[in-house]
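A.B. asks: dropping the sequence and predicted coords here.
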Amino acid sequence: MLVDDHPQRGAMVEQALNANGFEVVSMLTTASGLLFQIQQHKPHVVIIDIESPDRDILESLSVINQHNPTPVVMFSNEDDPAFIHQAIHAGVTAYMIEDINPDKVKPVIDAAIAQFEMFQALRRQLDDTQRELNDRDAIDNAKRLLMKHQKISEPDAYKNLRTLAMNNSQSIATVAQNVIAILDKAKPEK
């Protein structure tokens, strides 16, 4: 997807992209309706070259970044560090402080896509690690509750969790969360 507020330049960029094997699924002259257009066309990359990008663009990109992450290359003459920081935070993958050059756009896109894929892999790793830590915490809490309520050892508490998980075809973490929900409100046996 190409967003360029200079239609003639946009046509040259589109031509250069087509010559390099890219297909421009949509070409916009304003960022108005950007969110809708991205949702409709689901582009593999969004290229934005707007003379004066504003907060509306950044808000749209932020929504896209949260719900349907897409590599975004932004060309702008705006060199304010605060704006650049906001743009990157909103999901801009590559921010170029220059006008778009039709002959040099392909390497910038290639680099942005590679950087985006690396960031997404890191994001998935972080999510997986956070989920594993949460699961481990739940299992530890459930074991403590079982030990307290049933007056059993830690290995026995873990064995109980594992048995419950196998009997119910659930993960140990799911069983641990259920045990916590039940035993956290109950009073320990005396």
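C.D. replies: That came in fine, so what should we check first?

A.B. asks: identify the single longest helix in the protein, thanks.
C.D. replies: Ordering each helix of the chain by length in residues (DSSP state H) puts helix 105-150 first.

A.B. asks: near residue 128, how many other residues are there?
C.D. replies: 10 (other CB atoms under 10 Å). Yep, even glycine has a C-beta here, placed from its N, CA and C like the rest.

A.B. asks: residue 89 - that's part of a strand, no?
C.D. replies: No. Using DSSP: H, G, I helix; E, B strand; the rest coil, the assignment for residue 89 is helix, not a strand.

A.B. asks: now it: closest residue in space that isn't a chain neighbour?
C.D. replies: In space, and not counting its chain neighbours, residue 89 is closest to residue 62: 7.6 Å by CB to CB, 6 or more residues apart in numbering.

A.B. asks: same thing with residue 111?
C.D. replies: Using CB to CB, 6+ apart, the closest residue to residue 111 is residue 94 (6.4 Å).

A.B. asks: next one: the longest helix of the chain to chain centre, how far?
C.D. replies: 12 Å (CA atoms, centre = their mean, to the nearest Å).

A.B. asks: what's the answer for stretch 90-105, then?
C.D. replies: 21 Å.

A.B. asks: how about it: buried residues?
C.D. replies: Across stretch 90-105, burial judged by 16 or more other CB atoms under 10 Å covers 90, 91, 92, 93, 94, 95, 96, 100, 102, 105.
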